[in-house]
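Chemist: Structural data only, the sequence is not supplied:
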């Protein structure tokens, strides 16, 4: 089976008087429906790698294939369109829009994509909220929810356009144990029940243990010797 | 400003003839020799013009032509200087020989009469209408009899049949009106007229109509715009100053909008980053903040127009008593809709202009830069 995401000798150097190498020579393949955890010490470049894999940042060397397509030559608008259609993000902070209700936050990416009409989008958003036990919170504003609930809303939002891959940056970094376990369970179920691929950067050992595979990043490179 | 300008022009137009045709030429007439050989070096020395009774030649036909033009009324006038004598006092005044029926159509003098009427003048060949200033100075009242002496030595006895008051002191002291025939007799210029006074339905056409008349009649025809060019240029300068000040205010307001939207962009930078990471394009983000600028502009304009109208209404209530005037006047306020349209247009344009820069900045936000800063 072809990997959903493949990186070949991927590298990212920040230009400047003293160029800084964030990531170098990353060879990585992620299969459909896999739950991959990226680990490593602080400042090792794991978040930078996630941004590259999530098309938020453009590599300075190497190739990246998403769903079989080489995205190396894509312009900013093309990258944005690809992110909208194929990727979903969950960050350490929920980043929900404070002025919008939970439902509207979830509807935002669907409205932008415009693949579903308003009624169908609303139904889908409500179904997704239902699945994650947030149905009764649909009309609330983010500040009325707990941290765990907000993070779950952020996951629903990431799922809104039925992405191929969910990229998560420390999704449990800000949550208590109970909420962390909940988020971890949801991401796990996504991969095993819906076939969505999840790539998560994490410090959380329990969380990483729930993943199908773990890789370690040290000094911007994959370290095969890495052990938790 | 617009109100006072219109008020000023209205006074100017109402109180003076729209076009005056006088018995003068705009350019000195050329000597026949110079006309015969236009390229030659002709010099005629010691030219002495022919002694003639001055006035508009063939005024009857010329008046018929002027009156044949559409949208105007014309009246012939013979103007000259006489000395009025009453109770041992002498005063040089300007004598206007008029035809009352025609004068009514071209002048507001009838409205300014405080006593008597133009009909009384028409009925009395020895009647004279004088200004209130002169009447006070001489102690004249209705029915008083004065002597008028012309430079040629003619003397007539005239009876005051009307007194007017225009509010312009020098006009009220110096202008007098008699019948045209009487003036011609007194000034020894039988059957002569030296002025056409013309009033137009559309005062703003005066310049063009004056040019037509001058071309046809040959004599100098001066429109009110031409005779008040100095005042008009003052108005122009005043308008320029007004628009400069208004523009400066708008620039300041633009900075306000620029600041507001810049601040909002900074506040919302995380939202912008997440929207962009989600797959929103730079132009989507730009549109959001431009829309914000437009909404601010529209709300501001609505509020501003309402507030401005309220303030104008308040100003219109203000009553002032100018020095020397007997009645209260209101501040002249101009309510024309086009000034609001202009103001709203400029406000919206400056709002969009001021919003564009921060909006462009918002569109350029790199989500990674923001996310890195937080991680």
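Modeler: Structure received. Owing to the predicted nature of the structure, the values given are computational and were not obtained by experimental measurement.
Chemist: switch to C-alpha atoms for all contacts and neighbour counts from now on
Modeler: Fine.
Chemist: middle-most residue in chain A, spatially?
Modeler: residue A:167 (1.3 Å; Cα atoms, centre = their mean).
Chemist: wait, is it part of a strand?
Modeler: Yes - assessed by DSSP: H, G, I helix; E, B strand; the rest coil, residue A:167 belongs to a strand.
Chemist: Contact partners for it?
Modeler: Each residue near residue A:167 by Cα atoms under 8 Å, 6 or more residues apart in numbering or on different chains is listed here: A:50, A:54, A:87, A:88, A:89, A:90, A:198, A:199, A:200.
Chemist: after the host helix or strand of the fifth one comes which helix or strand?
Modeler: Remark: residue A:89 resides in strand A:87-90, with elements defined by DSSP states H and E. Next helix or strand after strand A:87-90 toward the C-terminus (DSSP H and E): helix A:102-113.
Chemist: and that next one, anywhere near chain B?
Modeler: Yes - residues of helix A:102-113 contacting chain B under Cα under 8 Å from any Cα of the partner chain: A:109, A:112.
Chemist: got the buried residues for the helix or strand that comes right after that helix?
Modeler: Later in the chain than helix A:102-113, the nearest helix or strand by DSSP H and E is helix A:118-131. If you call a residue buried by 16 or more other Cα atoms under 10 Å in any protein chain shown, then helix A:118-131 has these buried ones: A:121, A:122, A:124, A:125, A:126, A:128, A:129.
Chemist: Show me what helix A:118-131 packs onto, helices and strands only.
Modeler: Contacts defined by 3 or more Cα pairs under 8 Å, 6 or more residues apart in numbering or on different chains; DSSP states H and E place helix A:118-131 against helix A:102-113, helix A:147-159.
Chemist: want to throw these into JSON lines with mean neighbour count and mean pLDDT?
Modeler: Formatted as JSON lines, the helices and strands packed on helix A:118-131 follow (neighbours: other Cα atoms under 10 Å in any protein chain shown; pLDDT from 0 to 100):
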{"stretch": "helix A:102-113", "mean neighbour count": "22", "mean pLDDT": "90"}
{"stretch": "helix A:147-159", "mean neighbour count": "24", "mean pLDDT": "89"}
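Chemist: Please, which helix or strand holds residue 63?
Modeler: Going with chain A. Per DSSP H and E: strand A:61-66 holds residue A:63.
Chemist: that's the wrong chain, I meant chain B
Modeler: Here residue B:63, judged by DSSP H and E, is contained in helix B:59-68.
Chemist: And that helix, what does it pack against?
Modeler: strand B:72-86.
Chemist: Now do the phi/psi pair for residue B:339.
Modeler: Main-chain dihedrals, residue B:339, degrees, to the nearest 10: phi -70, psi -30.
Chemist: quick one: contacts of stretch B:302-318?
Modeler: Outside stretch B:302-318, the residues touching it (Cα under 8 Å, 6+ apart) are B:330, B:331, B:332, B:333, B:340, B:344.
Chemist: Show me what stretch B:5-25 is in contact with.
Modeler: Contacts of stretch B:5-25 with the rest of the structure, by Cα under 8 Å, 6+ apart, involve B:54-56, B:106-108, B:194-200, B:203, B:206, B:210, B:214, B:218-224, B:235, B:332, B:334.
Chemist: From those residues, list the buried ones, please.
Modeler: Using 16+ other Cα under 10 Å, the buried ones in the contacts of stretch B:5-25 are B:55-56, B:106-107, B:194-200, B:203, B:206, B:210, B:214, B:218-224, B:235, B:332, B:334.
Chemist: Run through the chain and note the low-pLDDT ranges.
Modeler: Defaulting to chain A. Scanning chain A for pLDDT under 70 picks out A:1, A:228.
Chemist: Chain B was what I was after
Modeler: For chain B, the ranges with pLDDT under 70 are B:49-53, B:324-327, B:374-375.
Chemist: Kindly report the residues of it close to chain A.
Modeler: Checking chain B against chain A by Cα under 8 Å from any Cα, the hits are B:270-271, B:274, B:276-282, B:367-368, B:375.
Chemist: ok, back up a step: the helices and strands packed on helix A:118-131 into CSV, with extra columns for distance to residue B:135?
Modeler: Output for the helices and strands packed on helix A:118-131, formatted as CSV (distance: least, Cα to Cα, whole Å):
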stretch, distance to residue B:135
helix A:102-113, 85
helix A:147-159, 93
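Chemist: and residue B:95, which of those helices is closest to it?
Modeler: Between residue B:95 and the helices and strands packed on helix A:118-131, the shortest separation by Cα to Cα is 84.8 Å, and it involves helix A:102-113.
Chemist: Now do that closest one and helix A:118-131, the angle between them.
Modeler: Helix A:102-113 and helix A:118-131 are oriented at 130 degrees to each other (axes from the mean of the first three to the mean of the last three Cα atoms, to 10 degrees).
Chemist: so after the helix or strand containing residue B:260, what's the next helix or strand?
Modeler: Taking DSSP H and E as the criterion, residue B:260 maps to helix B:229-267. Per DSSP H and E, the first helix or strand lying C-terminal to helix B:229-267 is helix B:269-278.
Chemist: for that following helix, packing partners?
Modeler: helix A:76-86, strand A:87-90, helix B:367-374.
Chemist: Go again with 7 Å.
Modeler: helix B:367-374 (3 or more Cα pairs under 7 Å, 6 or more residues apart in numbering or on different chains; DSSP states H and E).
Chemist: mind checking how far the helix it packs on is from the chain centre?
Modeler: Distance of helix B:367-374 from its chain centroid, counting by Cα atoms, centre = their mean, to the nearest Å, is 64 Å.
Chemist: got a list of contacts for it?
Modeler: A:56, A:57, B:270, B:273, B:274, B:276, B:277 (Cα atoms under 7 Å, 6 or more residues apart in numbering or on different chains).
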